[in-house]
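K.L.:
I'll drop the sequence and a predicted model, then ask my questions.
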Amino acid sequence: MAAPNIPNLNTLRRGRGRGRGGPSRAEGSHGARSLGQDRVVQGTDNDASVSRLSAVELGYLHDPYATPLTAPENATRRFPIINRGTYVRTTAIDQLVGRFLESPSQGDSKQTKQIISLGAGSDTRVFRLLASRPRSSLVYHELDFAVNTITKIRAIRSTPLLQQALGIESSSQDVTVSEAGDELHTPSYHIYPLDLRSLATCSAPSDLLPRVDPTLPTLLISECCLIYLSPTEAEQVVSFFTERLFAPPSNPPDAQNATTQGSKITAPIGLILYEPIRPDDPFGRTMVSNLATRGIQLQTLHKYSSLEAQRSRLREHGFTSGQAVADIEFIWDRWVPEDEKERVSRLEFLDEMEEWQLLARHYCIAWGWREGEDTIAFNGWTALQAQPGN
Ligand SMILES: C[S@@+](CC[C@H](N)C(=O)[O-])C[C@H]1O[C@@H](n2cnc3c(N)ncnc32)[C@H](O)[C@@H]1O
């Protein structure tokens, strides 16, 4: 397709950037990335929340938590192909998360499961999950720069609806917030102000995240987060969890910090990635250059540029029980039921069908998992249709 037909993702955004507070202790500048670049990356959360709210207001998604977590002055209506993309991305990840939470974890008597969201920003999934299931069944951890955790915690403190979802409205003794207002702990939900790049240099993983229980079946989510790190940094973040905090099978005993009743636990762990792909065709090149004009660099894009590269990445990280990937076009075609497709198609007229397909082929969801030695938690993922090929 000729370049002039490629949608400009900058003009498709329509929203403005959200000005947030100054740098704080978790905002250190790492490696080659400057503080200015960090600010740009932190600001991408605004894009995500504005897109979510647009999709909610137009009826694509039902999510009462999107409004309190989006700065009202930034709310804007996105173009139809962006709204459909937000719908597919959100519902597909919801489905993976739902299957993880719902499949009985054989061998695990506790049945509590844990989610760790990397670069969670103003994501609403935790509220939707905790509002709709027994809170004791899930512990949810979110990591992001302090500048973004402060904004989120402020929204929680000022919004009864968010507090109700977390079950903390009447029991403030169960809630602790750091003096800086950047860290929050409740029995089921934890927010940490953390630059993910600092995980690589941490000498005591369980001291850094003491509330993460390495014996629980665990799901890591990177919804458009690791893409902003360098390939080495992104690898180190995943390895921090898969090799250091969570004992890999047959690790030497001194690397194990997970013990229950004196026995070693190798908990099941899975990873969901949502990322752009295919940077080398005309649409991909335009996508990259449009984002570059805003100072956004998709640092791992070339390394994990294809479906196969994403599968290999998962394999190399030891997600040996299964690795799968599908682009957003495939997921729309194969995962979304026909009646739901009709409902969504009626919401807005999509006259740019070719543009939708182009956009949807350039984003993917990858998911991989490693079952525990004694516990199985990802059975529900085996039936999901993945996309073959590159
Ligand atoms: C595009 S936003 C996505 C937010 C959220 N995951 C969602 O999908 O709604 C990317 C997020 O990753 C966070 N992020 C990127 N690099 C990070 C790092 N090194 N440490 C912590 N958070 C990071 C940003 O601050 C931002 O909140």
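P.N.:
Arrived safely.
K.L.:
and the residue of the stretch 51-200 of the chain found nearest the ligand, what pLDDT?
P.N.:
Of all residues in the stretch 51-200 of the chain, residue 119 sits closest to the ligand, at 2.5 Å by C-beta to the nearest ligand atom. No exception for glycine: its C-beta is placed from N, CA and C like everyone else's. Listed pLDDT for residue 119 reads 98.
K.L.:
in this structure it contacts residue 144, no?
P.N.:
Yes: between residue 119 and residue 144 there is a contact under C-beta atoms under 8 Å: 5.5 Å.
K.L.:
overlap in contacts, the two.
P.N.:
residue 45 (C-beta atoms under 8 Å, 6 or more residues apart in numbering).
K.L.:
up against the ligand, what does the stretch 51-200 of the chain have?
P.N.:
119-121, 123, 143-145, 148, 195-197 (C-beta under 6 Å from any ligand atom).
K.L.:
what about 8 Å?
P.N.:
Applying C-beta under 8 Å from any ligand atom, we find that the stretch 51-200 of the chain lies next to the ligand at 52, 89, 117-124, 143-145, 147-148, 194-197.
K.L.:
check the residues you listed for burial and list the buried ones.
P.N.:
Buried positions within those, assessed by neighbour count (16 or more other C-beta atoms under 10 Å), are 52, 89, 117-124, 143-145, 147-148, 194-197.
K.L.:
now do the same contact list for the residue in the stretch 251-390 of the chain that the ligand sits nearest to.
P.N.:
Closest approach between the stretch 251-390 of the chain and the ligand, counting by C-beta to the nearest ligand atom: residue 274, at 7.1 Å. By C-beta under 8 Å, 6+ apart, the contact set of residue 274 is 89, 93, 222-224, 363-365.
K.L.:
helix or strand: which one has the residue lying closest to residue 335 once chain neighbours are set aside?
P.N.:
Counting by C-beta to C-beta, 6 or more residues apart in numbering, residue 335 lies nearest to residue 92, which is 6.1 Å off, once chain neighbours are set aside. Under the criterion of DSSP states H and E, residue 92 resides in helix 80-102.
K.L.:
for that helix, what is the average pLDDT?
P.N.:
97.
K.L.:
ok, now stretch 341-357?
P.N.:
Mean predicted lDDT for stretch 341-357 stands at 94.
K.L.:
now that stretch, how far from the chain's geometric center?
P.N.:
For stretch 341-357, the separation from the chain centroid amounts to 25 Å (computed by C-alpha atoms, centre = their mean, to the nearest Å).
K.L.:
dump it to CSV, restricted to CA.
P.N.:
Below are the C-alpha coordinates for stretch 341-357, written out as CSV (Å, rounded to 0.1, in the frame of the first residue of the first chain):
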residue,chain,number,x,y,z
LYS,A,341,-18.9,-8.1,15.9
GLU,A,342,-22.3,-6.9,14.7
ARG,A,343,-22.9,-4.9,17.9
VAL,A,344,-19.5,-3.3,17.7
SER,A,345,-19.8,-2.6,13.9
ARG,A,346,-23.1,-0.8,14.6
LEU,A,347,-21.5,1.6,17.1
GLU,A,348,-19.6,3.7,14.5
PHE,A,349,-19.3,3.5,10.7
LEU,A,350,-15.9,2.2,9.7
ASP,A,351,-15.4,3.5,6.2
GLU,A,352,-11.6,2.9,6.3
MET,A,353,-11.7,-0.9,6.3
GLU,A,354,-8.3,-1.2,4.7
GLU,A,355,-6.9,1.2,7.3
TRP,A,356,-8.4,-0.9,10.1
GLN,A,357,-6.8,-4.0,8.7
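K.L.:
now do the buried residues in that stretch.
P.N.:
344, 348, 355-357.
K.L.:
next step: those restricted to helices.
P.N.:
344, 355-357 (DSSP state H).
K.L.:
which of those residues sit farthest apart?
P.N.:
Using C-beta to C-beta, the two most remote members of these are 344 and 355, lying 16.4 Å apart.
K.L.:
in this structure, which helix or strand is least confident?
P.N.:
When the helices and strands of the chain are scored by mean pLDDT, DSSP states H and E, strand 259-260 comes last with a mean of 40.
K.L.:
touching, residue 205 and residue 240? I think so.
P.N.:
Yes: using C-beta under 8 Å, residue 205 makes contact with residue 240 at a distance of 6.4 Å.
K.L.:
give me the common contacts of those two.
P.N.:
Common neighbours of residue 205 and residue 240 (C-beta under 8 Å, 6+ apart) are residue 199.
K.L.:
find the nearest non-adjacent residue to the most centrally placed residue in the chain, please.
P.N.:
Nearest to the mean C-alpha position of the chain, by C-alpha atoms, centre = their mean, lies residue 223 at 2.8 Å. Leaving aside its sequence neighbours, residue 223 sits nearest to residue 274 (C-beta to C-beta, 6+ apart; 4.6 Å).
K.L.:
is that neighbour in a helix, a strand, or coil?
P.N.:
strand (DSSP: H, G, I helix; E, B strand; the rest coil).
K.L.:
tell me what it is bridged to.
P.N.:
In this entry, residue 274 is beta-bridged to residue 223, residue 365, by DSSP bridges.
K.L.:
gap between it and residue 359?
P.N.:
14 Å (C-beta to C-beta, to the nearest Å).
K.L.:
next: residue 138.
P.N.:
Where residue 359 is concerned, residue 138 sits at a distance of 32 Å (C-beta to C-beta).
K.L.:
again, but for residue 67
P.N.:
Distance from residue 67 to residue 359, by C-beta to C-beta: 26 Å.
K.L.:
burial check on the residue nearest to residue 177 when sequence neighbours are not counted, number of neighbours?
P.N.:
Once flanking residues are discounted, residue 177 sits nearest to residue 184: 5.1 Å by C-beta to C-beta, 6+ apart. Neighbourhood size, residue 184 [other C-beta atoms under 10 Å]: 22.
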